[in-house]
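[1] Fold the stuff below for me.
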Amino acid sequence: MKLLKILAASTLALAIASTTSFADVTKGQKAFIKFLKEPCGMDGAKFALKHTQAEWRQIKADGKAEAEIMKICPNVKSGDIKETLLDHVMDFSIEFASDSGNVPAC
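    Modelled structure (predicted):
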């Protein structure tokens, strides 16, 4: 009985954790569409394909998200996308990177 309760609790925790990470990807996709799609001149799929998942993770870990976005999209200027949304855009980019096999709907 105790094992069943632990199993149920861990299943619930896993479901909540996966929903939270998906929410970041969704928020990142919406931020890309709203703030970056037009100035970048490309959709989110083409943007995310610029790097592999490992490369996007490294860019995020190094705190170079904004610099990389400006490099890929020369029309984007510093401050065009809020600092709070950069992590979400990076999560989106990681999720749909060139080696992910995933294709976004934007």
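[2] all helices for this structure, in order.
    Assigned helices in the chain, in chain order: 2-31, 37-40, 44-48, 53-61, 65-72, 83-95 (criterion: DSSP state H).
[3] Mind listing what's buried along the fourth one?
    So the one you mean is helix 53-61. 53, 55-57, 59-60 (16 or more other Cβ atoms under 10 Å). C-beta coordinates here come from the backbone N, C-alpha and C atoms, glycine included.
[4] what does that helix rub up against?
    For helix 53-61, contacts defined as Cβ atoms under 8 Å, 6 or more residues apart in numbering pick out 48, 51, 65, 68, 87, 90, 93-94, 97, 99-100.
[5] my read: Leu49 touches Asp99, true?
    No. Contact criterion Cβ atoms under 8 Å: Leu49 and Asp99 do not qualify, at 9.4 Å.
[6] which one of the two has more residues nearby?
    Leu49 (16 against 12; other Cβ atoms under 10 Å).
[7] Spit out the contact partners of that one.
    96-98.
[8] now those residues: which count as buried?
    96-97.
[9] quick check, nearest of the contacts of Leu49 to Gly28?
    Gly28 lies nearest to Phe96 out of the contacts of Leu49, by Cβ to Cβ, at 9.3 Å.
[10] quick one: contacts for that closest one?
    Here Phe96 is in contact with 44-45, 48-49, 102-104 (criterion: Cβ under 8 Å, 6+ apart).
[11] Give me the neighbour count for the nearest residue to Asn75 once chain neighbours are set aside.
    Leaving aside its sequence neighbours, Asn75 sits nearest to Pro39 (Cβ to Cβ, 6 or more residues apart in numbering; 4.1 Å). Around Pro39 there are 16 other residues, counting by other Cβ under 10 Å.
[12] Check Ala8 and give its pLDDT.
    pLDDT for Ala8: 54.
[13] What ranges in this structure fall below the confidence cut-off?
    Confidence mapping of the chain against pLDDT under 70 gives the ranges 3-23, 105-106.
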